[in-house]
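In: predicted coordinates and the sequence they were generated for:
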Amino acid sequence: MKDIDNLCLNCFKELTEGAVCAECGYDNDTPSDTMYLAKKTMLANKYAVGAFQKHESDAVTYSGYDTQLDKKIIIREFYPKGMCSRLEGSNDIHVRQKFTSTVEKYKKSFYKLWTTLEKLHSLSAVVPVYDVFEENDTVYAIIEHLECITLREFLLRNENGYIHWDNARLMFMPILTTLENLHSNGIIHGSLTPDNLVLCRDGKVRLSPFTIQEACDITSELEFNFCDGYTAIEQYENSHKMCPATDIYSFSACIYRALSGTNPPDAKSREANDKLMIPNSIAETIPMHVIKTIGNGMQIYPEKRIKSISEYREHLDAAPAVIAKAAKTETEAEYIEEDVYPDYNKSNVKSRVIIIILVVLIIGAIAAGVYVVLKDRVNAPEETTSTTQSVNYEVPDFVSNGYTQVDVENNGAWNERFTISFEYEYSTDVEEGIIFKQSVSAGESIPSGSDIILTVSRGIQTQTIPDVANMTVEEATKTLEALGFKVSSVEVYNDGAHTPKTVRSTSSSAPAAGENAAVGEEVILQVYGEVQTTEATTENNN
């Protein structure tokens, strides 16, 4: 096992000028944050933890060193933000009580993601993952360190800020095979952006280490990982679910950026104004089948997009079957604004004029029909109107099915039959946003227009953890219990500079001061113990 004492813990080059690395400038005397693993911590008896790099929604990234293979690596530690912490002197992840079941579910997703990537190491678009294991009550992924730059940086370095399709095709097509394999294993990437695609020294574009699928869905409890212009509409809303078409959207957005030199507008704004503008000078250099594929891939709603990677690949390659199908649907609406490439549409001017005339005639006929119906109703004798009779409807089960307020508000039939209103209450058992009470029992038959009150969960009631540093343990306990928290304590070393039985001056509690925690959750205090003197040690030995 190689000794790393004389290596920089950021780039793992030899230190030649003291603690500050001459290669990367990292100060190796920088103290480690107690929330994260200390530098030089050994994992699986062979991976040395280096400098902390970043903390994303589901994991922490460290630089690292494989002491057996003698090379730099990347270490990903499952550590969901705001749900876990570490106590001083322990490498174990401490999960906050409120999130116990949630963290366990996310940990399984993390393990599945990285073991799947480990199996796909032979694919050209995968950054090699060569070890996944559990330790310290969490999961670690060991990833090969590759010299690379992001796709965004590569495009910005280009003189024009964009590249031609012939070059883009060579870069992007191999990624589709990797995405197809992920989808076949039930994994949606969910965060394809020019920052998460990296161009390596061998010229290949690869998927950089990314987060679990739940971090890319605003409805999960993880910090939402999004990027305007590349995040699909279903990731913002609960009415549509993430699916393979989610990755097709963001992948198409990346190609759009590479070919046009600009970021696409975000999905939410496109609901009101669905236009993807490409300047004429650039559009003329892009094959029509590529423009159409980008448009189909970036349809706002997932059900309207190309459904699978295999189908998307055929469209992007202009396979014969796709060309034949396109010829039969010549009048199909274009999804990218036509005015930006008028040269492609001159041959269709005459047919479009005919279509417009037909549409006008049809609209006129419909309008005439509506006029006749309205006229008949106005002239109908009063005696033909009948008294509206009350109709009874069976009340749906709003609770057992896990409906949300949005689900109910978007259901036209329910709102026509009943007068529905909402109340809100905290609940320790029901997830925030879910309906858990209804004023009229499911299955009961009531008259049309009757009032139904639905109670929506506000989730678990929370309080902000106060700063109890330097208080006595009794004072701190009383302060926290008054807010509804359970309190326990662990003793930490006292070097003589602190009063025994007082709360640690830094990192005093878990959850930490300033964090929001569920009322009733356990707060662990770190309390200074008695000063250990030489006399006391001698007496104990006697």
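Out: That came in fine, so what should we check first?
In: can we go C-alpha only for contacts and neighbour counts from here?
Out: Noted.
In: which residues in the stretch 151-300 of the chain form strands?
Out: Ranges of strands within the stretch 151-300 of the chain are 197-200, 205-207, based on DSSP state E, counting those that start in this stretch.
In: hey, which of these is tucked in deepest?
Out: Most buried of the strands of the stretch 151-300 of the chain, by mean neighbour count (mean count of other C-alpha atoms under 10 Å): strand 205-207, with a mean of 25.
In: pull the residues that contact that strand.
Out: Contacts with strand 205-207, where a contact means C-alpha atoms under 8 Å, 6 or more residues apart in numbering, come from 124-127, 151, 171-172, 175, 196-200.
In: what's the average pLDDT for that strand?
Out: The average pLDDT within strand 205-207 is 88.
In: which ones are touching residue 44?
Out: Counting by C-alpha under 8 Å, 6+ apart, the residues that residue 44 touches are residue 135.
In: quick check: pLDDT value at it.
Out: Note for residue 44: predicted pLDDT of 96.
In: could I get the strands of the stretch 151-300 of the chain in CSV, plus columns for distance to residue 120?
Out: Below are the strands of the stretch 151-300 of the chain laid out as CSV (distance: least, C-alpha to C-alpha, whole Å):
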stretch, distance to residue 120
strand 197-200, 17
strand 205-207, 12
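In: hang on, the earlier thing: want to throw the contacts of strand 205-207 into a markdown table with distance to residue 234 and pLDDT?
Out: Shown next, in a markdown table, are the contacts of strand 205-207 (distance: C-alpha to C-alpha, whole Å; pLDDT from 0 to 100):
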| residue | distance to residue 234 | pLDDT |
| --- | --- | --- |
| 124 | 29 | 81 |
| 125 | 26 | 86 |
| 126 | 26 | 85 |
| 127 | 27 | 86 |
| 151 | 25 | 92 |
| 171 | 27 | 89 |
| 172 | 24 | 91 |
| 175 | 22 | 92 |
| 196 | 20 | 89 |
| 197 | 21 | 92 |
| 198 | 25 | 92 |
| 199 | 28 | 90 |
| 200 | 31 | 88 |
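In: and the closest residue to residue 441 other than its chain neighbours, backbone torsions?
Out: Once flanking residues are discounted, residue 441 sits nearest to residue 395: 7.0 Å by C-alpha to C-alpha, 6 or more residues apart in numbering. Per-residue torsions, residue 395: phi -80, psi 130 (degrees, to the nearest 10).
In: how near is residue 395 to residue 443?
Out: From residue 395 across to residue 443, the span is 5 Å (C-alpha to C-alpha, to the nearest Å).
In: those two - which one has more neighbours?
Out: residue 395 (19 against 11; other C-alpha atoms under 10 Å).
In: pretty sure that one sits against residue 447.
Out: No - contact criterion C-alpha atoms under 8 Å: residue 395 and residue 447 do not qualify, at 9.9 Å.
In: need the overlap of contacts for residue 395 and residue 443.
Out: Both residue 395 and residue 443 lack any common contact, where contact means C-alpha under 8 Å, 6+ apart.
In: in the helix or strand that residue 139 is a member of, what counts as buried?
Out: If you go by DSSP states H and E, residue 139 is part of strand 138-144. By neighbour count on 16 or more other C-alpha atoms under 10 Å, the buried set for strand 138-144 is 138-144.
In: stretch 402-417 now?
Out: Buried, per 16+ other C-alpha under 10 Å, within stretch 402-417: 403-405, 408, 414, 417.
In: show me what the strand holding residue 139 is packed up against.
Out: Contact here means 3 or more C-alpha pairs under 8 Å, 6 or more residues apart in numbering; DSSP states H and E; on that basis strand 138-144 packs against strand 71-78, helix 100-119, strand 129-135.
In: got the contact list for the second one?
Out: Surrounding helix 100-119, the residues in contact under the criterion C-alpha under 8 Å, 6+ apart are 78, 80, 83, 95, 126, 128-132, 138-139, 141, 182, 185, 187, 212-214.
In: 7 Å - rerun?
Out: 78, 128-130, 132, 139, 141, 212 (C-alpha atoms under 7 Å, 6 or more residues apart in numbering).
In: can you select the buried ones among the residues you listed for me in PyMOL?
Out: To isolate the buried members of the contacts of helix 100-119 in PyMOL, using 16+ other C-alpha under 10 Å:
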select buried, resi 78+128+129+132+139+141+212
